[in-house]
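Visitor: Predicted model and sequence below, questions to follow.
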Amino acid sequence: MNFFKLKEHKTTVKTEILAGITTFMTMAYILAVNPSILSASGMDSGALFTATALAAAFGTLCMALFANYPFALAPGMGLNAFFAYSVVLGMKVSWQVALTAVLVEGLIFLVMSLFNVREAIFDAIPTSLKHAVGAGIGIFIAFIGFQNANIVISNVATKVGLFDMAAMNEAAEGAPYMFSNVGITIILAIIGILITGALIVKNVRGSILWGILITYLLGLICEFTGLYVPDYNIKFYSLIPQFNKDAVVPSLAPIFLKFDFTQIFTAKFFTIVFAFLFVDVFDTLGTLIGVSSKAGFLDKEGKLPKVKGALLADAAATTVGAVLGTSTTTTYVESASGVLEGGKTGLTAVVVAVLFLASLFLSPIFLAIPAFATAPALIIVGFYMIGSVAKINFNDAGEGIPAFLALIGMAFTYSIADGIVFGIVSYVIINLLTANFKRLNFMLVVVAILFVGKFFAGAIFVEFAISVIVLAVIVYFVGFRNKKK
């Protein structure tokens, strides 16, 4: 225990263990939610569960060893939605290519963390856009939650609309949908949202996880009493866990090392990588700063000691997570729950990692949890993320309009990447037209040019040239700026 310097940090083994259990309870929902989201891209849900648990355990252990902080990591919310819905389904890219982009992002992060350039990238993006990205992802995630629960469905007249069983049956050219499958699950999802909200109001630890489990248990009761009737033809499966003694832990084989490098030199691939980088940079640094301020880890200048180790842990976790077969692994804001419980060292993180490994043997339960039970978690996570919109200065139109476009662009285009494009390009153009040159920096302008150019660069040679040149310029500029500091 000397490694964690418990006495120096004025904590005890008991306190650290309790803090670790608390942190795990508040973020264990990811074990059910991540496979649910990423499986929409065609990936195997069982393998995704194993990859999620292993990536979380590895990343959290790295945080303990590299930085001795009580922070936990796991595949990030928002980034998994971007992976499945924006990249794979939206951009029509295979999940293997998307997974390759995550690997490349992780490797770039490793280099950036070693040479201390992550902070420079963070500083180059306007504060208003940083907050808009977080809020926009919150809306996007909540929208996915409403869709997964069928509370909101596609509608010919208005594009989207409130649940309408007649419209669903008309689209299905039959009548497979009825109260005993879709109807009862919508009611359960709404109940789950309200229960989760009530638990949060009462400050119950692990509210999101408890919300999922209670909704799931209500679903089981409905299945046992006949209120819910599974129909495999329309993907309403049985909620009863299927325990298989021969394969308790699902195999990683369907997604392990499944990379596709055929599109690595295209502008589209570069855009995907940059979007992952953009969101992960702000998510990680924002989480580290926010949780560290609550824990009292920041120094008098507002800087975080051992931040290099923390960022290195994040980068290593993303790289290994891609190898395992999951989307970007990042530091979780839910770590604050363990900090508030008294966790001050990496021992808290070790406890979280051990619990993630132990959860591998409960895979039948987590994999049996349906989309209507995890939907409340997505909606509530959206609630937490939308809070950053209050930090946007809408009184300044030069800041507020680009932030607004980025925020609504994510939900309306069903793409986090397109929302980021709206925000950066509009910010640069508006401030150029109004001669507010002090608000612009070289890196931001180059990125805006890249985003505009990607809509016109069709030839493979042009795509390759744009990708290589812009990446080189950005890396050189950020590295030069960091050295100058």
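Guide: The structure has been received and is ready for your questions. Numbers count the residues shown, from 1 in each chain.

Visitor: what's the helix or strand for Thr330?
Guide: According to DSSP states H and E, Thr330 maps onto strand 329-331.

Visitor: Report the mean per-residue pLDDT for that strand.
Guide: Here strand 329-331 scores 87 as its mean pLDDT.

Visitor: Direction included, what does that strand pair up with?
Guide: With DSSP bridges as the test, strand 329-331 is paired with strand 73-75 (antiparallel).

Visitor: So which residues of the stretch 151-300 of the chain form strands?
Guide: Ranges of strands in the stretch 151-300 of the chain, per DSSP state E, counting those that start in this stretch, are 152-155, 159-162.

Visitor: Could you pull out the buried residues of the first one?
Guide: Of the residues in strand 152-155, those with enough neighbours to count as buried (16 or more other CB atoms under 10 Å) are 152-153. C-beta here means a position set from N, CA and C on the backbone, and glycine is covered the same way.

Visitor: same question, stretch 7-24
Guide: Result for stretch 7-24 [16+ other CB under 10 Å]: buried residues 9, 11, 15-24.

Visitor: now swap in stretch 62-69 and tell me
Guide: Buried-residue list, stretch 62-69, by 16+ other CB under 10 Å: 62-64, 66-69.

Visitor: pLDDT-wise, what's the bottom of those?
Guide: For the buried residues of stretch 62-69, the pLDDT minimum is Ala67, 86.

Visitor: From what I see, that one and Ala316 are in contact.
Guide: No - the pair Ala67 / Ala316 is not scored as a contact, 11.5 Å apart, by CB atoms under 8 Å.

Visitor: TSV please, covering the buried residues of stretch 7-24 and showing secondary structure and distance to Gly136.
Guide: Output for the buried residues of stretch 7-24, formatted as TSV (DSSP: H, G, I helix; E, B strand; the rest coil; distance: CB to CB, whole Å):
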residue	secondary structure	distance to Gly136
His9	coil	37
Thr11	coil	38
Thr15	helix	38
Glu16	helix	36
Ile17	helix	38
Leu18	helix	36
Ala19	helix	32
Gly20	helix	32
Ile21	helix	33
Thr22	helix	30
Thr23	helix	27
Phe24	helix	29
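
Visitor: Looking at these, which is nearest Glu105?
Guide: Thr23 (25.1 Å; CB to CB).

Visitor: For the closest residue to the closest one other than its chain neighbours, grab the count of nearby residues.
Guide: Among residues not flanking Thr23 along the chain, Gly338 sits closest, at 3.3 Å (CB to CB, 6 or more residues apart in numbering). Per other CB atoms under 10 Å, the neighbour tally for Gly338 reads 32.

Visitor: so which strand or helix has Gly338?
Guide: Going by DSSP H and E, Gly338 is in helix 335-340.

Visitor: now what about the very next helix or strand once past that helix, what contacts it?
Guide: Next along the chain after helix 335-340, taking DSSP H and E as the criterion, comes helix 346-358. Here helix 346-358 makes contact (CB atoms under 8 Å, 6 or more residues apart in numbering) with 1, 3-4, 6, 13, 16-17, 19-21, 23-24, 28, 31, 53-54, 56-58, 60-61, 63-65, 67-72, 74, 338.

Visitor: Identify the residues contacting Ala74.
Guide: Applying CB under 8 Å, 6+ apart, the residues contacting Ala74 are 27, 30, 34, 52, 55-56, 59-60, 329-330, 332, 356.

Visitor: try 7 Å this time
Guide: 27, 30, 52, 55-56, 329, 332 (CB atoms under 7 Å, 6 or more residues apart in numbering).

Visitor: Pull the number of nearby residues for the nearest residue to it once chain neighbours are set aside.
Guide: Spatial nearest neighbour of Ala74, chain neighbours left out: Ala56 (3.8 Å); criterion: CB to CB, 6+ apart. For Ala56, the count of nearby residues is 31 (other CB under 10 Å).

Visitor: Show me the helices in the stretch 251-400 of the chain, by range?
Guide: 267-295, 307-324, 335-340, 346-358, 363-368, 371-386, 397-412 (DSSP state H, counting those that start in this stretch).

Visitor: and the residue nearest the centre of the chain, which of the three is it?
Guide: Taking CA atoms, centre = their mean as the criterion, Met77 is the residue nearest the geometric centre of the chain, at 2.2 Å. At Met77 the chain is in coil, as set by DSSP: H, G, I helix; E, B strand; the rest coil.

Visitor: That one against Ile141, yeah?
Guide: Yes - using CB atoms under 7 Å, Met77 makes contact with Ile141 at a distance of 6.3 Å.
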